[in-house]
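J.: quick one, what's the 3D model for this:
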Amino acid sequence: STVNLGAPESGNVVEEGVDFTLTSGGENLALSIVNASTYMFTIDASNIDAPVLTVRNEEPFVGTTVYIRGDMNDWSEANPLTYIGGGKYSATFNVEASTYNFKVASADWAVVNMGAPANDTEVLLTEEQPLLSGSNDNLMMTFETEQEYTFTFDASDIDLSLIHISE
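T.: Coordinates of the predicted model:
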């Protein structure tokens, strides 16, 4: 059978990040793209009579700079992460040998504030450490030698975000 889904007669404008219920044989859809980027179009057809289209930017925190903030940089915004695609951010910077507490956070500590699950705050080199949004618990890692480390923040699944630190 042929699939032909579109907008109901009451409106055809799809907004980024807003669920839009489709109808069989409906009108053409309209979408305004503000930022040149990669967008993901997802259709939830669990209700075959009212499938839902969602369009979202591939970058989880588009428009928000995300930082590694901790004891190693006086909790400042000195170490921004760069979006590298696939829902991942990365930063490489020098860290002096010591044990540090830190988080992944935005400037306002609100849009992004990723800490540790209360029962697992220690990060080990090359481990994929789970993060918890809004957590009051800091991550903690002992850096054995002064050198550059790469911090990779994986927010491709926002409910299962991870941090990975490598040499």
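J.: what does stretch 50-64 contact?
T.: For stretch 50-64, the surrounding residues in contact (CB atoms under 8 Å, 6 or more residues apart in numbering) are 5, 14-23, 29, 31, 35, 37-45, 83, 85-87, 106, 111-112, 155-156, 158. C-beta: built from backbone N, CA, C; applies to glycine.
J.: now, of these, which are buried?
T.: Among those, the ones that count as buried by 16 or more other CB atoms under 10 Å are Val14, Phe20, Leu22, Thr23, Leu29, Tyr83, Gly87, Ser106, Val112, Ala155.
J.: how about the third one, nearest residue that isn't a chain neighbour?
T.: In this case it means Leu22. With sequence-adjacent residues excluded and distances taken as CB to CB, 6 or more residues apart in numbering, Leu22 is closest to Leu5, at 4.1 Å.
J.: over to Asp120?
T.: Nearest residue to Asp120, sequence neighbours excluded (CB to CB, 6+ apart): Pro130, at 6.9 Å.
J.: report how many residues lie close to the one you found.
T.: Using other CB atoms under 10 Å, Pro130 has 13 other residues around it.
J.: and stretch 90-106, what's buried?
T.: Buried residues in stretch 90-106, counting neighbours by 16+ other CB under 10 Å, are found at Ala91, Val95, Tyr100, Asn101, Phe102, Lys103, Val104, Ala105, Ser106.
J.: wasn't Met159 part of a helix?
T.: Quick fix: residue 159 is Asp, not Met. Yes: counting by DSSP: H, G, I helix; E, B strand; the rest coil, Asp159 is part of a helix.
J.: state the number of residues packed around it.
T.: Counted by other CB under 10 Å, the residues lying close to Asp159 total 6.
J.: roughly how far apart are it and Phe41?
T.: Distance of Asp159 to Phe41, given as CB to CB, to the nearest Å: 20 Å.
J.: now do whatever helix or strand Asn101 lives in: distance to the chain's middle.
T.: Element membership for Asn101 (DSSP states H and E) is strand 98-106. Taking CA atoms, centre = their mean, to the nearest Å, the mean C-alpha location of strand 98-106 is offset from the chain mean by 17 Å.
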